[in-house]
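Colleague: pasting the structure only:
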């Protein structure tokens with residue numbers, strides 16, 4: 001909620017405007033917005049960008065809305081980008097607690113008796129982007145890469161108390177469901193006075209470090225995000241391919 005994800009989606013589309021950003025305290029994106037355009041690196045492939053309503057919007061009427069939107073976005077994507085602000089602390093991780101509830105919303109028809117064991121085959125790669133990141137990537141005297149920082153955060157905690165068990169359940173789900181995962185940290189994009197008009201800023205008005213970090217993120221998505229593959233190994237080629245057969249996935253009643 002209000003983390004700048006629409007701006008990142010516009011960068012992936014190589015457009016200054018597209019998905020609305022919004023400059024007020026209220027969320028601009030509602031539901032899931034789709035943008036289809038030619039892939040900038042793969043001829044004959046369409047890049048489908050899904051900009052979703054942010055998690056945790058206090059104006060939502062339906063308590064289950066976050067779960068359904070997150071589940072649908074996850075199933076439709078070959079790479080899921082999760083955007084947050086500041087640092088990866090316990091509060092940021094708690095925003096992803098929906099991951100621990102996925103087995104309640106998804107069933108893999110092929111082996112409905114144990115759906116969680118089949119999630120890896122249908123789940124996308126996971127990319128975490130952290131905006132307005134100001135910390136040094138260090139552990140003592142050791143300099144960490146972004147991915148090392150992510151793995152350190154997801155390391156299981158010691159202790160046998162209920163709090164530790166709950167925190168480890170979330171970490172275990174993220175590690176097991178998303179074996180392909182990557183982290184990008186990004187500094188503040190512009191001066192405070194300019195943040196409300198990001199769509200209007202020229203490239204040279206954005207912070208140089210931010211431009212470099214966003215470019216690295218976009219290059220990774222363009223070059224590493226695979227074509228969406230459905231259960232059975234079928235590549236998505238159009239609307240007809242979304243109709244699953246015997247070994248497809250089902251989403252709960254509220255999503256149908």
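Modeller: Noted; the coordinates are in hand. The model shown is predicted, which means the values in this text are computed figures rather than measured ones.
Colleague: so where's the stretch 151-256 of the chain uncertain?
Modeller: The model of the stretch 151-256 of the chain has pLDDT under 70 over residues 238-256.
Colleague: which residues in it form helices?
Modeller: 162-177, 208-224 (DSSP state H, counting those that start in this stretch).
Colleague: in a markdown table, list those along with distance to residue 186 and mean neighbour count.
Modeller: All C-beta spots, glycine's among them, are computed from the backbone N, C-alpha and C. Shown next, in a markdown table, are the helices of the stretch 151-256 of the chain (distance: least, CB to CB, whole Å; neighbours: other CB atoms under 10 Å):
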| stretch | distance to residue 186 | mean neighbour count |
| --- | --- | --- |
| helix 162-177 | 20 | 15 |
| helix 208-224 | 4 | 15 |
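Colleague: how about a markdown table for the ones you listed, with distance to residue 100 added?
Modeller: Compiled in a markdown table, these are given as follows (distance: least, CB to CB, whole Å):
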| stretch | distance to residue 100 |
| --- | --- |
| helix 162-177 | 5 |
| helix 208-224 | 26 |
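Colleague: of these, which approaches residue 31 most closely?
Modeller: Evaluated over those, closeness to residue 31 peaks at helix 208-224, with 22.1 Å, by CB to CB.
Colleague: touching that closest one from outside, list them.
Modeller: 8, 11-12, 39-41, 47, 79, 81, 125, 127, 129, 182, 184-190, 203 (CB atoms under 8 Å, 6 or more residues apart in numbering).
Colleague: which of the residues you listed fall in strands?
Modeller: Counting by DSSP state E, the contacts of helix 208-224 place 47, 79, 81, 125, 127, 129, 182, 184, 185 in strands.
Colleague: which pair in those has the greatest spatial separation?
Modeller: Going by CB to CB, the pair spanning the ones in strands among the contacts of helix 208-224 furthest: 47 and 185, at 23.8 Å.
Colleague: closest one to residue 67 among the helices of the stretch 151-256 of the chain?
Modeller: Closest among the helices of the stretch 151-256 of the chain, using CB to CB: helix 162-177, at 14.0 Å.
Colleague: for the closest one, packing partners?
Modeller: Identification of packing neighbours for helix 162-177 by 3 or more CB pairs under 8 Å, 6 or more residues apart in numbering; DSSP states H and E yields helix 90-94, helix 119-122.
Colleague: same for the longest one, what does it pack against?
Modeller: The one in question is helix 90-94. For helix 90-94, the packing partners by 3+ CB pairs under 8 Å, 6+ apart are helix 162-177.
Colleague: what do you get for the last one?
Modeller: Applying 3+ CB pairs under 8 Å, 6+ apart, one finds that helix 119-122 makes contact with strand 106-108, helix 162-177.
Colleague: now do the longest one against strand 181-185, angle only.
Modeller: Taking axes from the mean of the first three to the mean of the last three CA atoms, to 10 degrees, one finds that helix 162-177 is oriented at 110 degrees with respect to strand 181-185.
Colleague: what's next to helix 162-177, contact-wise?
Modeller: 90, 93-94, 96-97, 99-100, 102, 119-120, 123, 126, 154-158, 181.
Colleague: now with 7 Å?
Modeller: 90, 93, 96, 97, 99, 100, 119, 120, 123, 154, 156, 157 (CB atoms under 7 Å, 6 or more residues apart in numbering).
Colleague: contacts only, for the fifth one.
Modeller: Right, residue 99. Contacts of residue 99 (CB under 7 Å, 6+ apart): 170, 173, 174, 177.
Colleague: which one of those is nearest residue 150?
Modeller: Closest to residue 150, out of all of those and judged by CB to CB, is residue 174, at 9.5 Å.
Colleague: distance of that closest one relative to residue 47?
Modeller: 26 Å (CB to CB, to the nearest Å).
Colleague: sheet-wise, list the partners of the helix or strand harbouring residue 84 with their directions.
Modeller: Residue 84 belongs to strand 79-85 when assigned by DSSP states H and E. Sheet pairing of strand 79-85 (DSSP bridges) gives strand 125-131 (parallel).
Colleague: great, nothing more from me.
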